[in-house]
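Q: next one to model:
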Amino acid sequence: MGPGIHDVIVKNCVVNGFYRDFYLTSAHSNTLAGNTANGPSYSNSFYGFVLEASASNTLASNTANAAPYGLSFDFVLDGSASNALRGNTANGGPLYTSTSHGFILSGSEANSLSRNTASGTSTGFALGGSQSNTLSLNTATGNDIGIVLDGSSWNTLAFNDVEGGTVGYVLQGSSSNTVTNNFAAYNSADGFSFAGSAGNNVVGNNAQQNAGVGFRDTTISTGTSNTGSYYWGNYCVGNPTPSVPTGLC
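A: Model prediction:
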């Protein structure tokens, strides 16, 4: 879609085998709904749905299937604000021949992601240098990292579900976020892992049957148990180590 396009609806389209299947730049107030982006079988890189410097668009019930080889990005928001992504699905490629990422926000703010699903990707949901976004009621299954915030602040993670991957939730170099009522279960390492992150409110989360630590925070500061963040009302069930340090759940 051309630069600056607005007030356009694209529905129920299937695009196969392009480098970028759906691409909006400097676009606003558009709707993409019920579309499918399939990665090429021959390429080393693939972008399914991309919003670049775009605002107030809606992506609903779309599906991106990663390429079987190389590097794939299923959904990308780059320098974009106030968009709504709901009910979309990001599927990863084969484990040994591809690296895929589900939902990526880079330098983006005030976006809402709800009821989306990322399966079999390296990162299910990733925020880098992004602020004031809300991720709620999303599901990540079988990913290396379910949800990661890197250098991101003032975001809200609420009622998300990360299961059957390696690490559930990761915050690194991220501050003043709200992490509330999220679920991490049956991951092969930690449920929640924070490093170099301060001033986050971590409330009412549940780490269950993870093979590592339920809640891990290596930041040293004046928060709960001398970490950088504030923990209360969190639950740890069936993890070999409930929390490091103790007192986070």
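
Q: quick one: residues contacting the residue lying closest to Pro242 once chain neighbours are set aside.
A: Of all residues not flanking Pro242 in the chain, Cys236 sits nearest, at 3.9 Å (CB to CB, 6 or more residues apart in numbering). Bear in mind the C-beta positions are built from the backbone N, C-alpha and C, glycine included. Cys236 makes contact with 191, 207-208, 214-215, 242-243, 249, according to CB atoms under 8 Å, 6 or more residues apart in numbering.

Q: reformat these as a markdown table; add pLDDT and neighbour count.
A: Listed next are the contacts of Cys236 as a markdown table, based on pLDDT from 0 to 100; neighbours: other CB atoms under 10 Å:
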| residue | pLDDT | neighbour count |
| --- | --- | --- |
| Gly191 | 98 | 33 |
| Ala207 | 98 | 31 |
| Gln208 | 98 | 17 |
| Gly214 | 98 | 28 |
| Phe215 | 98 | 34 |
| Pro242 | 98 | 19 |
| Ser243 | 98 | 24 |
| Cys249 | 97 | 21 |
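
Q: tell me which of those fall in strands.
A: If you go by DSSP state E, those have 207-208, 214-215, 242-243 in strands.

Q: just send those residues back as TSV, with distance to Gly4 too.
A: TSV is the format used below for the ones in strands among the contacts of Cys236 (distance: CB to CB, whole Å):
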residue	distance to Gly4
Ala207	46
Gln208	47
Gly214	48
Phe215	46
Pro242	53
Ser243	50
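
Q: farthest-separated two in those residues?
A: Distance extremes for those: the farthest pair is Gln208 and Ser243 at 13.2 Å, using CB to CB.

Q: burial check on Gly233, number of neighbours?
A: Per other CB atoms under 10 Å, the neighbour tally for Gly233 reads 11.

Q: correct me, but it touches Asn201?
A: No. If you go by CB atoms under 8 Å, Gly233 and Asn201 don't touch, sitting 10.6 Å apart.

Q: on the three-state scheme, the residue nearest the centre of the chain is what?
A: The residue lying closest to the centre of the chain (CA atoms, centre = their mean) is Phe125, at 1.3 Å. Assigned by DSSP: H, G, I helix; E, B strand; the rest coil, the conformation of Phe125 is strand.

Q: which residues pair with it across the strands?
A: Phe125 has these beta-bridge partners by DSSP bridges: Phe103, Ile147.
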